[in-house]
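Chemist: How does the following fold in three dimensions:
(4 chains)
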Protein chains: 2
Amino acid sequence: MKPYNKVTSHEVAALAGVSRSAVSRTFTPGASVSVKTREKVENAARKLGYRPNALARSLIVRSTRMIGLVMAEWQNPFYTRMLRQFSERFQAEGYQLLLLTSASDAGVDDAVRRLLQYQVDGLLIVSAKPSEAMAEECERAGTPVVLINRHSPVIRASSVTCDNAQIGRDIFAMLQSAGYRRVALVLGDPGVLTGIERNAAINEAAAAGKDIRVVAEISGCLGYEAGRQAVIDMWKAAERPDAIVCSSDPTALGILDGARLDLKLAVPEELAVVGLGDIPQSSWGAYRLTTVHLPVDEMINLAVEDLLAHLEDPQLEPRPMTARARLVHRDSVRVRPEA
Amino acid sequence: MKPYNKVTSHEVAALAGVSRSAVSRTFTPGASVSVKTREKVENAARKLGYRPNALARSLIVRSTRMIGLVMAEWQNPFYTRMLRQFSERFQAEGYQLLLLTSASDAGVDDAVRRLLQYQVDGLLIVSAKPSEAMAEECERAGTPVVLINRHSPVIRASSVTCDNAQIGRDIFAMLQSAGYRRVALVLGDPGVLTGIERNAAINEAAAAGKDIRVVAEISGCLGYEAGRQAVIDMWKAAERPDAIVCSSDPTALGILDGARLDLKLAVPEELAVVGLGDIPQSSWGAYRLTTVHLPVDEMINLAVEDLLAHLEDPQLEPRPMTARARLVHRDSVRVRPEA
DNA sequence: GCACGGTTTGCAAACGTGTGCAAAACTGCA
DNA sequence: TGCAGTTTTGCACACGTTTGCAAACCGTGC
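Modeler: As a prediction, the model looks like this:
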């Protein structure tokens, strides 16, 4: 004996004494129903606890009002914020989010495949990208996709990133004018474009000028603990940096604590630390980290608007979008050379 | 000219020269198909890029393998962790998460309604609870639901919480034996059970004993900034506390910074601060907050196991589950009375 | 009473799949 | 070859909706 109790439009129609079409029409805004039958149907529906089956519906209207979200990076609080905002924004427009997690780029294709089976109307991929073949399948299926914090010239998909190279140059200029000389670059997940492009720009700038050198470049260092350990290790090396540029805020905060608490260094006098992301903790009194504020809200806006536009008009061409990041000066970098 | 290109089992069947049932069976594990036709079908499917429509499928098998997740609280990093783990765990079992956000208890019913329309197989509600009527609808629909960090005797649903009263008593005992005398209780979102129950237990213990009093009880104070301001305000009041018990870690960290940086107080000598949640930042060197470690992983396990069990066997009765929280002693509370 | 324009209504055909059932094909064996 | 037993296959119906189309209905003005 199953408690299988789903009530269908058929039963509502029977109770109300009308046809199934009538009940369908009362639940479709803008359909032609007389007020009398509408009332009858609504009463019957209420009595039975009827709720239209969204899946059966989407089968014939060819739109599920679900958008697939694949998330490949959770470490950074930054992405949580995205998740929340995406959920709220799309929910307001009558869409739901179908959420999948993927370990890395490798898992993305699987996730996308699953989402396509569920006939999602659109796809949001944060901090990862699908294979070219998979992207092509999306296109053939007519499913618009927007990449966040990733882009690829070979994939036909919208993307929103920020101008990492420019930020790299800004950081370089700041360190230079404050008189720092030996900078270390620490990268988190190798493969996340944000850090890579930024570091490339710094390297380039350093190669061009004479007075400031890149003395170390480590990668795979992600999170508070890793950062704290990394700075300790760095101090054992032959040449110690006087500025560390870090591709995630939590890592930078770990470095800050490692430098101050473990190594007893004076920040920013003896060592500068700059982060990436501007998470809430970075502004907290105990840290006051100089970092780059990623324009998450702007990025979210761009992504949402673009995806909605593509849902509206499938003919629209995908386009790359870039938001402008902003250096926020706090207390972990001094502003002028020491006297 | 639409690029509408969905390929159906019909087309695959035609290309392979078999019936539609044959292609359906090749994609249903354990069905009876000869290797020869299976091969033909697989080739045709690959050539056409066929992917079974999960929605049409679930229409007839009466199971969508989607589970609905409604999230009412995002402030605390704690919940992000839950989200991620839920996603991964269920994904591993072949389920997807359909994510909805709700501002508060008020919005939960709406979210649940929407999820039911999508015929989710199960429901996870974190940090909020549906109305009694809505819970009844879920039951009639045969959709198991598990509540996280909430419970209600009147709702027939599984729930996982932790023993907040016990933790309240533990905190009280700790403060008492360390010789603190005037405790302030600060609550975040009024309505989140965790804090309420804990504070109630502390109040009760204080009423029973003689040597320690609750001198202030504020609520609606959530997040770093709010905490930092709150402690400043407290210091203007007639009677200043010597211990603050806080219902979220970020708030407690704000209080810590407010006390040390703004008020120039010595922690833990002049003031004790205890948090709730044990977020990563709380263990960081600059803070070392004494707090209670919520057993998130255990709670997640309980929730996942219970929901899966109910999906397996719909007859199963819902049950309340409680995980045990643990006080973690760090440096924001002294361990013995001052000399 | 009748023709006429405009609304409402029900019929039936989709949407893309799974599955019971009986027919068909195959297997092994005498 | 014939036959019993087993496996494979196709038909057709079901799942719960939406929607084009034509019939039914309604009110109105002659």
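Chemist: give me phi/psi at the nearest residue to A:Ser283 once chain neighbours are set aside?
Modeler: Among residues not flanking A:Ser283 along the chain, A:Arg330 sits closest, at 7.1 Å (C-beta to C-beta, 6 or more residues apart in numbering or on different chains). In short, each C-beta sits where N, CA and C put it, glycine included. Here is the backbone geometry of A:Arg330 (degrees, to the nearest 10): phi -130, psi -140.
Chemist: Ok, A:Cys162 next?
Modeler: phi -130, psi 170.
Chemist: beta partners for it?
Modeler: In this entry, A:Cys162 is beta-bridged to A:Ala323, by DSSP bridges.
Chemist: so what's it scoring on pLDDT?
Modeler: Listed pLDDT for A:Cys162 reads 91.
Chemist: Count the neighbours of it for me.
Modeler: Burial of A:Cys162 is recorded as 24 neighbouring residues (other C-beta atoms under 10 Å in any protein chain shown).
Chemist: Contacts only, for it.
Modeler: A:Thr194, A:Leu294, A:Pro295, A:Met299, A:Thr322, A:Ala323, A:Arg324, A:Ala325 (C-beta atoms under 8 Å, 6 or more residues apart in numbering or on different chains).
Chemist: Can you pick out the most distant pair from these?
Modeler: A:Thr194 and A:Arg324 (13.6 Å; C-beta to C-beta).
Chemist: between the two, which one's more packed in?
Modeler: Using other C-beta under 10 Å as the criterion, A:Thr194 and A:Arg324 rank with A:Thr194 on top: 24 against 11.
Chemist: Excluding chain neighbours, give the residue nearest to that one in space.
Modeler: Using C-beta to C-beta, 6+ apart, the nearest residue to A:Thr194 is A:Asn164, at 5.5 Å.
Chemist: just A:Ser127 next, same as before
Modeler: Nearest one to A:Ser127, counting by C-beta to C-beta, 6+ apart, is A:Glu73 at 4.0 Å.
Chemist: what sits against the one you found?
Modeler: A:Tyr79, A:Val126, A:Ser127, A:Ala128, A:Asp189, A:Val192.
Chemist: quick one: secondary structure of the fourth one?
Modeler: The three-state label for A:Ala128, taken from DSSP: H, G, I helix; E, B strand; the rest coil, comes out as coil.
Chemist: Near DNA strand C, which residues of chain A are found?
Modeler: With C-beta under 7 Å from any atom of the strand as the criterion, chain A meets DNA strand C at residues A:18-22, A:25, A:32-34, A:36-37, A:56, A:59-60.
Chemist: repeat that with 10 Å
Modeler: A:9, A:13, A:16-26, A:31-38, A:40-41, A:55-62, A:117, A:119 (C-beta under 10 Å from any atom of the strand).
Chemist: Which among these count as buried?
Modeler: A:9, A:13, A:16, A:18, A:22-26, A:33, A:37-38, A:40-41, A:55-58, A:119 (16 or more other C-beta atoms under 10 Å in any protein chain shown).
Chemist: Intersect the residues you listed with the contacts of DNA strand D.
Modeler: Checking these against DNA strand D by C-beta under 10 Å from any atom of the strand, the ones in range are A:Ser9, A:Ala13, A:Ala22, A:Val23, A:Ser24, A:Arg25, A:Thr26, A:Leu55, A:Ala56, A:Arg57, A:Ser58.
Chemist: mind putting those residues in CSV, secondary structure and pLDDT included?
Modeler: Shown next, in CSV, are those (DSSP: H, G, I helix; E, B strand; the rest coil; pLDDT from 0 to 100):
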residue, secondary structure, pLDDT
A:Ser9, helix, 94
A:Ala13, helix, 94
A:Ala22, helix, 94
A:Val23, helix, 95
A:Ser24, helix, 95
A:Arg25, helix, 95
A:Thr26, helix, 94
A:Leu55, helix, 96
A:Ala56, helix, 96
A:Arg57, helix, 96
A:Ser58, helix, 96
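Chemist: Can I get those residues in a markdown table including distance to B:Gln229?
Modeler: Shown next, in a markdown table, are these (distance: C-beta to C-beta, whole Å):
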| residue | distance to B:Gln229 |
| --- | --- |
| A:Ser9 | 55 |
| A:Ala13 | 59 |
| A:Ala22 | 58 |
| A:Val23 | 55 |
| A:Ser24 | 55 |
| A:Arg25 | 55 |
| A:Thr26 | 52 |
| A:Leu55 | 48 |
| A:Ala56 | 52 |
| A:Arg57 | 49 |
| A:Ser58 | 48 |
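Chemist: and of those residues, the nearest to DNA strand C?
Modeler: Nearest to DNA strand C out of these is A:Ala22 (C-beta to the nearest atom of the strand; 3.9 Å).
Chemist: pLDDT at A:Ala103, what is it?
Modeler: At A:Ala103, the pLDDT recorded in the model is 82.
Chemist: number of nearby residues for it?
Modeler: Neighbours of A:Ala103 (other C-beta under 10 Å): 13.
Chemist: Same question for the one 5 residues further on.
Modeler: Around A:Val108 sit 22 other residues, with neighbours defined as other C-beta under 10 Å.
Chemist: which stretch of helix or strand covers it?
Modeler: Assigned by DSSP states H and E, A:Val108 falls within helix A:105-117.
Chemist: Now do the strands in the stretch 51-200 of chain A.
Modeler: A:66-71, A:96-101, A:122-126, A:145-148, A:158-162, A:182-186 (DSSP state E, counting those that start in this stretch).
Chemist: Let's test this: mean pLDDT of the last one, rounded?
Modeler: Model confidence over strand A:182-186 averages 96 on the pLDDT scale.
Chemist: Can you check the pLDDT for the spatially most central residue of chain A?
Modeler: Central residue of chain A (C-alpha atoms, centre = their mean): A:Val126, 4.4 Å from the mean position. On pLDDT, A:Val126 comes in at 92.
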